[in-house]
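Novice: From the sequence below, what's the structure:
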Amino acid sequence: MRFNQGYVLLAAMAFGGAVASAPAAAKLQSTSDVSPTQKVVELLSSIETGAPEPVAYINANKYIQHNLAVKDGLAGFGEIMSQLPEGSAKARVVRAFQDGDYVVAHTEYNFFGPKIGFDIFRFEEGKIVEHWDNLQEISETSASGRTQIDGPAEVVDLDKTDANKALVAAFVNDILMGGNPSKVTDYISTEKYHQHNPAVADGLDALGKALQEMAEAGMPMTYTKNHMVLGQGNFVLTVSEGQFLNKHVSFYDLFRVEDGKIVEHWDTIEPIPAQAQWKNDNGKF
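Specialist: Model prediction:
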(Lines give C-alpha, C1' and ligand atoms only; values in the text may rest on other atoms or scores of the structure.)
Protein backbone atom coordinates (compact mmCIF):
# COMPACT_ATOMS: atom_id res chain seq x y z
CA MET A 1 0.00 0.00 0.00
CA ARG A 2 2.61 2.53 -1.15
CA PHE A 3 0.23 5.48 -1.24
CA ASN A 4 -1.09 5.22 2.32
CA GLN A 5 2.36 4.49 3.74
CA GLY A 6 3.60 7.69 2.17
CA TYR A 7 1.17 9.70 4.27
CA VAL A 8 2.31 8.20 7.57
CA LEU A 9 4.71 11.14 7.64
CA LEU A 10 1.82 13.56 7.25
CA ALA A 11 0.07 12.14 10.28
CA ALA A 12 3.27 12.30 12.29
CA MET A 13 3.78 15.94 11.41
CA ALA A 14 0.18 16.88 12.09
CA PHE A 15 -0.04 15.24 15.48
CA GLY A 16 3.33 15.66 17.06
CA GLY A 17 6.00 16.81 14.64
CA ALA A 18 7.84 13.48 14.42
CA VAL A 19 9.67 12.47 11.27
CA ALA A 20 9.16 8.94 10.02
CA SER A 21 12.78 7.91 9.58
CA ALA A 22 16.36 9.18 9.55
CA PRO A 23 16.63 9.15 5.72
CA ALA A 24 13.39 11.11 5.46
CA ALA A 25 14.65 13.59 8.04
CA ALA A 26 17.83 14.16 6.04
CA LYS A 27 15.82 14.88 2.90
CA LEU A 28 13.50 17.28 4.72
CA GLN A 29 16.43 19.32 6.05
CA SER A 30 17.66 20.09 2.51
CA THR A 31 14.51 21.72 1.16
CA SER A 32 15.69 25.34 1.45
CA ASP A 33 17.28 25.16 -2.01
CA VAL A 34 14.05 24.04 -3.69
CA SER A 35 12.02 26.79 -5.39
CA PRO A 36 8.38 27.31 -4.37
CA THR A 37 7.24 26.21 -7.82
CA GLN A 38 9.21 22.99 -7.60
CA LYS A 39 7.87 22.36 -4.10
CA VAL A 40 4.32 22.57 -5.42
CA VAL A 41 5.09 20.26 -8.34
CA GLU A 42 6.66 17.72 -5.99
CA LEU A 43 3.77 17.95 -3.52
CA LEU A 44 1.09 17.45 -6.17
CA SER A 45 3.06 14.65 -7.83
CA SER A 46 3.29 12.88 -4.46
CA ILE A 47 -0.48 12.38 -4.58
CA GLU A 48 0.29 9.78 -7.24
CA THR A 49 3.72 8.54 -6.18
CA GLY A 50 3.06 8.39 -2.45
CA ALA A 51 6.44 10.02 -1.70
CA PRO A 52 6.24 11.27 1.91
CA GLU A 53 8.92 13.96 1.80
CA PRO A 54 7.01 16.74 -0.03
CA VAL A 55 4.44 16.92 2.75
CA ALA A 56 7.15 18.70 4.73
CA TYR A 57 6.71 21.70 2.42
CA ILE A 58 3.41 22.38 4.23
CA ASN A 59 3.49 24.30 7.51
CA ALA A 60 2.31 21.70 10.04
CA ASN A 61 0.95 24.39 12.37
CA LYS A 62 -0.82 26.57 9.78
CA TYR A 63 -2.51 25.27 6.66
CA ILE A 64 -5.60 27.23 5.64
CA GLN A 65 -7.80 25.19 3.33
CA HIS A 66 -10.25 26.70 0.81
CA ASN A 67 -11.35 23.46 -0.82
CA LEU A 68 -14.75 23.33 0.85
CA ALA A 69 -14.88 19.53 0.74
CA VAL A 70 -11.75 19.22 2.90
CA LYS A 71 -11.30 19.97 6.59
CA ASP A 72 -8.81 22.63 7.64
CA GLY A 73 -5.15 21.91 8.37
CA LEU A 74 -2.80 19.06 7.63
CA ALA A 75 -5.17 16.64 9.31
CA GLY A 76 -7.85 17.47 6.75
CA PHE A 77 -5.39 17.01 3.90
CA GLY A 78 -4.34 13.63 5.29
CA GLU A 79 -7.94 12.54 5.79
CA ILE A 80 -8.95 13.17 2.18
CA MET A 81 -5.82 11.40 0.91
CA SER A 82 -6.60 8.33 3.00
CA GLN A 83 -10.07 8.10 1.44
CA LEU A 84 -8.73 7.63 -2.09
CA PRO A 85 -8.92 4.02 -3.33
CA GLU A 86 -5.45 2.48 -3.40
CA GLY A 87 -3.65 3.07 -6.68
CA SER A 88 -6.40 5.33 -8.07
CA ALA A 89 -4.73 8.72 -7.65
CA LYS A 90 -3.04 10.40 -10.60
CA ALA A 91 -1.53 13.87 -10.76
CA ARG A 92 0.32 15.29 -13.76
CA VAL A 93 1.32 18.93 -13.42
CA VAL A 94 1.36 20.42 -16.92
CA ARG A 95 2.21 24.04 -16.14
CA ALA A 96 3.16 25.97 -13.04
CA PHE A 97 4.33 29.49 -12.25
CA GLN A 98 5.06 31.80 -9.31
CA ASP A 99 3.73 35.26 -8.48
CA GLY A 100 5.33 36.55 -5.29
CA ASP A 101 4.25 34.34 -2.39
CA TYR A 102 1.81 32.42 -4.61
CA VAL A 103 2.34 29.42 -6.87
CA VAL A 104 -0.23 28.34 -9.46
CA ALA A 105 -0.37 24.80 -10.86
CA HIS A 106 -2.48 23.46 -13.72
CA THR A 107 -2.86 19.71 -13.32
CA GLU A 108 -4.49 16.68 -14.87
CA TYR A 109 -5.86 14.53 -12.06
CA ASN A 110 -7.56 11.30 -11.35
CA PHE A 111 -8.87 12.35 -7.97
CA PHE A 112 -12.15 10.61 -7.22
CA GLY A 113 -12.51 10.55 -11.02
CA PRO A 114 -10.70 12.24 -13.95
CA LYS A 115 -10.46 16.00 -13.47
CA ILE A 116 -8.62 19.11 -14.54
CA GLY A 117 -7.59 21.31 -11.66
CA PHE A 118 -6.02 24.62 -10.82
CA ASP A 119 -4.28 24.84 -7.44
CA ILE A 120 -3.00 27.98 -5.75
CA PHE A 121 -0.60 27.73 -2.82
CA ARG A 122 0.56 30.62 -0.64
CA PHE A 123 3.96 30.48 1.02
CA GLU A 124 5.32 32.04 4.21
CA GLU A 125 9.00 31.61 5.06
CA GLY A 126 9.38 28.80 2.56
CA LYS A 127 6.38 26.79 3.77
CA ILE A 128 2.91 26.38 2.29
CA VAL A 129 0.32 27.97 4.57
CA GLU A 130 -2.77 28.31 2.38
CA HIS A 131 -4.44 26.48 -0.51
CA TRP A 132 -7.19 27.23 -3.02
CA ASP A 133 -8.32 25.06 -5.93
CA ASN A 134 -10.93 24.62 -8.64
CA LEU A 135 -11.74 21.26 -10.22
CA GLN A 136 -13.80 20.23 -13.21
CA GLU A 137 -14.49 16.82 -14.71
CA ILE A 138 -12.66 16.00 -17.93
CA SER A 139 -14.79 16.18 -21.05
CA GLU A 140 -14.36 13.52 -23.73
CA THR A 141 -15.41 15.92 -26.49
CA SER A 142 -14.22 19.37 -27.48
CA ALA A 143 -15.59 21.96 -29.89
CA SER A 144 -12.07 23.14 -30.73
CA GLY A 145 -10.39 19.74 -30.93
CA ARG A 146 -8.11 20.76 -28.06
CA THR A 147 -8.06 19.16 -24.63
CA GLN A 148 -8.70 21.04 -21.40
CA ILE A 149 -4.99 21.03 -20.52
CA ASP A 150 -2.81 20.76 -23.66
CA GLY A 151 -0.96 23.63 -25.27
CA PRO A 152 2.16 25.67 -24.43
CA ALA A 153 3.52 25.35 -20.91
CA GLU A 154 6.79 27.29 -20.95
CA VAL A 155 6.81 30.53 -18.98
CA VAL A 156 8.41 33.25 -21.14
CA ASP A 157 8.35 37.06 -21.40
CA LEU A 158 9.13 37.55 -17.72
CA ASP A 159 9.73 41.25 -18.33
CA LYS A 160 6.09 41.60 -19.45
CA THR A 161 4.54 40.12 -16.30
CA ASP A 162 3.10 43.36 -14.93
CA ALA A 163 1.78 44.50 -18.32
CA ASN A 164 0.17 41.13 -19.00
CA LYS A 165 -1.48 41.05 -15.57
CA ALA A 166 -2.83 44.56 -16.12
CA LEU A 167 -4.18 43.56 -19.55
CA VAL A 168 -6.01 40.53 -18.18
CA ALA A 169 -7.33 42.42 -15.14
CA ALA A 170 -8.81 45.04 -17.48
CA PHE A 171 -10.26 42.28 -19.67
CA VAL A 172 -12.03 40.77 -16.67
CA ASN A 173 -13.47 44.15 -15.71
CA ASP A 174 -14.47 45.32 -19.18
CA ILE A 175 -15.53 42.07 -20.83
CA LEU A 176 -16.26 39.33 -18.30
CA MET A 177 -17.88 41.68 -15.78
CA GLY A 178 -19.52 43.83 -18.43
CA GLY A 179 -17.76 47.13 -17.83
CA ASN A 180 -17.24 47.84 -21.54
CA PRO A 181 -17.96 44.80 -23.76
CA SER A 182 -17.28 46.73 -26.97
CA LYS A 183 -13.56 46.71 -26.15
CA VAL A 184 -13.16 42.93 -26.57
CA THR A 185 -10.79 43.27 -29.54
CA ASP A 186 -8.54 45.46 -27.39
CA TYR A 187 -7.79 42.35 -25.36
CA ILE A 188 -8.29 39.20 -27.45
CA SER A 189 -6.41 38.63 -30.67
CA THR A 190 -8.64 38.59 -33.75
CA GLU A 191 -6.08 36.45 -35.57
CA LYS A 192 -5.36 33.68 -33.06
CA TYR A 193 -7.43 32.62 -30.07
CA HIS A 194 -6.98 29.01 -28.98
CA GLN A 195 -9.80 27.78 -26.78
CA HIS A 196 -9.63 24.91 -24.26
CA ASN A 197 -13.12 25.22 -22.79
CA PRO A 198 -14.64 22.02 -24.27
CA ALA A 199 -17.90 23.74 -25.23
CA VAL A 200 -16.36 26.58 -27.23
CA ALA A 201 -14.53 26.48 -30.57
CA ASP A 202 -11.40 28.42 -31.44
CA GLY A 203 -11.57 32.08 -32.37
CA LEU A 204 -13.16 35.24 -31.09
CA ASP A 205 -16.33 34.76 -33.16
CA ALA A 206 -16.95 31.34 -31.62
CA LEU A 207 -16.63 32.81 -28.14
CA GLY A 208 -19.21 35.48 -28.90
CA LYS A 209 -21.57 32.92 -30.40
CA ALA A 210 -21.34 30.65 -27.37
CA LEU A 211 -22.06 33.49 -24.94
CA GLN A 212 -24.99 34.68 -27.05
CA GLU A 213 -26.51 31.20 -27.21
CA MET A 214 -26.31 30.81 -23.43
CA ALA A 215 -27.96 34.17 -22.89
CA GLU A 216 -30.75 33.35 -25.34
CA ALA A 217 -31.33 30.05 -23.53
CA GLY A 218 -31.83 31.92 -20.27
CA MET A 219 -28.61 30.57 -18.77
CA PRO A 220 -26.09 33.41 -19.11
CA MET A 221 -22.57 33.14 -17.73
CA THR A 222 -22.21 36.06 -15.33
CA TYR A 223 -19.07 37.18 -13.51
CA THR A 224 -19.93 39.16 -10.39
CA LYS A 225 -16.61 39.55 -8.56
CA ASN A 226 -12.92 39.01 -9.23
CA HIS A 227 -10.85 37.81 -6.28
CA MET A 228 -7.34 37.23 -7.65
CA VAL A 229 -5.13 38.01 -10.62
CA LEU A 230 -1.89 36.01 -10.52
CA GLY A 231 0.67 35.83 -13.28
CA GLN A 232 4.21 35.26 -14.42
CA GLY A 233 5.42 36.14 -17.89
CA ASN A 234 2.96 35.05 -20.55
CA PHE A 235 0.53 33.27 -18.19
CA VAL A 236 -2.14 35.01 -16.07
CA LEU A 237 -4.74 33.28 -13.88
CA THR A 238 -7.89 35.01 -12.67
CA VAL A 239 -10.12 33.74 -9.86
CA SER A 240 -13.69 34.99 -9.94
CA GLU A 241 -17.19 34.10 -8.83
CA GLY A 242 -20.55 34.38 -10.48
CA GLN A 243 -23.39 32.42 -12.02
CA PHE A 244 -23.29 29.66 -14.63
CA LEU A 245 -26.20 27.44 -15.64
CA ASN A 246 -28.14 29.14 -12.84
CA LYS A 247 -25.64 27.98 -10.20
CA HIS A 248 -23.28 29.92 -7.93
CA VAL A 249 -19.82 29.02 -9.21
CA SER A 250 -16.13 29.73 -9.02
CA PHE A 251 -14.42 30.64 -12.32
CA TYR A 252 -10.71 29.98 -12.72
CA ASP A 253 -9.50 31.32 -16.08
CA LEU A 254 -5.94 30.95 -17.35
CA PHE A 255 -4.85 33.19 -20.20
CA ARG A 256 -1.74 33.12 -22.36
CA VAL A 257 -0.70 36.53 -23.61
CA GLU A 258 1.42 37.13 -26.68
CA ASP A 259 2.46 40.53 -28.03
CA GLY A 260 -0.05 42.36 -25.86
CA LYS A 261 -3.09 40.22 -26.76
CA ILE A 262 -4.79 37.20 -25.21
CA VAL A 263 -4.19 34.27 -27.58
CA GLU A 264 -5.16 31.24 -25.49
CA HIS A 265 -7.58 30.32 -22.72
CA TRP A 266 -8.06 27.45 -20.30
CA ASP A 267 -10.62 27.31 -17.50
CA THR A 268 -12.40 25.31 -14.84
CA ILE A 269 -15.86 26.08 -13.49
CA GLU A 270 -16.88 24.57 -10.16
CA PRO A 271 -20.21 24.94 -8.32
CA ILE A 272 -19.91 26.41 -4.82
CA PRO A 273 -21.88 24.28 -2.36
CA ALA A 274 -24.29 25.70 0.20
CA GLN A 275 -22.47 26.76 3.37
CA ALA A 276 -24.14 24.00 5.38
CA GLN A 277 -22.08 21.51 3.34
CA TRP A 278 -18.69 23.15 3.92
CA LYS A 279 -16.02 21.12 5.76
CA ASN A 280 -14.13 24.30 6.78
CA ASP A 281 -15.08 27.92 7.51
CA ASN A 282 -12.53 29.63 5.26
CA GLY A 283 -14.75 30.16 2.23
CA LYS A 284 -14.00 29.38 -1.42
CA PHE A 285 -12.01 32.58 -1.94
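
Novice: Give me the domain ranges for this protein.
Specialist: If the domains of the chain are taken from automatic domain parsing, they occupy 2-138, 158-275, with pieces of a single domain joined by a plus sign.

Novice: Among these, which comes closest to residue 282?
Specialist: Relative to residue 282, the nearest member of the domains of the chain by CB to CB is domain 2-138, separated by 5.2 Å. (Each C-beta comes from the backbone N, C-alpha and C, glycine too.)

Novice: thinking again about what came up before, rank the domains of the chain by mean pLDDT and give me the bottom one.
Specialist: Among the domains of the chain, domain 2-138 has the lowest mean pLDDT, at a mean of 84.

Novice: mind giving me CSV with the domains of the chain and columns for distance to residue 148?
Specialist: Converted to CSV, these look like this (distance: least, CB to CB, whole Å):
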stretch, distance to residue 148
domain 2-138, 5
domain 158-275, 5
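
Novice: Put together CSV for those domains, with mean neighbour count and distance to residue 283 on each row.
Specialist: Supplementary listing: these in CSV, determined by neighbours: other CB atoms under 10 Å; distance: least, CB to CB, whole Å:
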stretch, mean neighbour count, distance to residue 283
domain 2-138, 17, 7
domain 158-275, 17, 9
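
Novice: closest to residue 144 out of the ones you listed?
Specialist: Closest to residue 144 of these, according to CB to CB: domain 158-275, at 4.7 Å.

Novice: for the stretch 1-150 of the chain, what spans make up the helices?
Specialist: Ranges of helices within the stretch 1-150 of the chain are 2-6, 8-14, 22-28, 36-49, 73-82, based on DSSP state H, counting those that start in this stretch.

Novice: Likewise for the stretch 151-285 of the chain?
Specialist: Taking DSSP H, counting those that start in this stretch as the test, the helices found in the stretch 151-285 of the chain are 161-171, 184-187, 204-216.
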